[in-house]
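Undergrad: Provided below are the primary sequence and the corresponding predicted coordinates.
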Amino acid sequence: MLNRYILKIIVTGLIFSIIIISGCTTLPTNYEDETLSFNVPPHWRVNEEQISDELAKLQPVDAIYPVIYIHQSDLKPRDIIDGYVTNYPYEYPRFKVVTREYVKVNGFEGEKLIYKNSAQYDFLLIGPDFFSVVVAFGKSNQTYVISTTEAMEHTYYSRVEPALEVLLNSIKVKE
């Protein structure tokens, strides 16, 4: 009887270990610094290189460069989103708003803009569309901006958007 119980524990532990090692499931990890904290999405990591005004940046574990950036700004969230909608069409003729909506991030009001455009260096305007997002929300007269780099539509919806949702649902800005 005792041998059977021990065998069940060993088999359960072995199966759990195999699942974790194989990547079928990933335990969540957290990021925290003096300004903010958030859950790191499964199969993503925080890029520790700090450049300019970046608070944090995330990238898929199999990517070379960051895809999601977090910044601070003195502008109001609405002004940041309006700036994209107003100014990007002049620089990028194929710029198009996919959705613009109000969101709550960390309990604070903000806006989320999903837009598409041809690639940054598509001078002939014949390339495929790329999707990007900018989310801006304010806290204590400070605006926090979460933006993404260009991604093909299928990559955006399968990898970037799910990671962004984990981030938006878990980010906490410290006092």
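TA: Looks like it arrived, so ask away.
Undergrad: Show me the strands in this structure, by range?
TA: Listed in chain order, the strands of the chain (DSSP state E) span 29-32, 36-40, 44-46, 54-60, 68-73, 96-105, 108-118, 129-139, 142-148, 151-152, 172-173.
Undergrad: Quick one: those strands as CSV, columns for mean pLDDT, mean neighbour count and distance to Y90 too.
TA: Where you see a C-beta, it was placed from the backbone N, CA and C, and this is true even at glycine. Below are the strands of the chain laid out as CSV (pLDDT from 0 to 100; neighbours: other C-beta atoms under 10 Å; distance: least, C-beta to C-beta, whole Å):
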stretch, mean pLDDT, mean neighbour count, distance to Y90
strand 29-32, 86, 12, 36
strand 36-40, 92, 18, 33
strand 44-46, 92, 19, 33
strand 54-60, 91, 19, 26
strand 68-73, 93, 18, 21
strand 96-105, 94, 13, 14
strand 108-118, 91, 19, 12
strand 129-139, 92, 21, 17
strand 142-148, 94, 20, 19
strand 151-152, 89, 16, 23
strand 172-173, 90, 17, 32
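Undergrad: what's the closest of those strands to A163?
TA: strand 44-46 (5.3 Å; C-beta to C-beta).
Undergrad: which residues are in contact with that closest one?
TA: Applying C-beta atoms under 8 Å, 6 or more residues apart in numbering, the contact partners of strand 44-46 are 31, 40, 56-61, 163.
Undergrad: is it possible to export the strands of the chain to TSV including distance to N87?
TA: Below are the strands of the chain laid out as TSV (distance: least, C-beta to C-beta, whole Å):
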stretch	distance to N87
strand 29-32	31
strand 36-40	27
strand 44-46	30
strand 54-60	21
strand 68-73	15
strand 96-105	13
strand 108-118	12
strand 129-139	12
strand 142-148	14
strand 151-152	21
strand 172-173	27
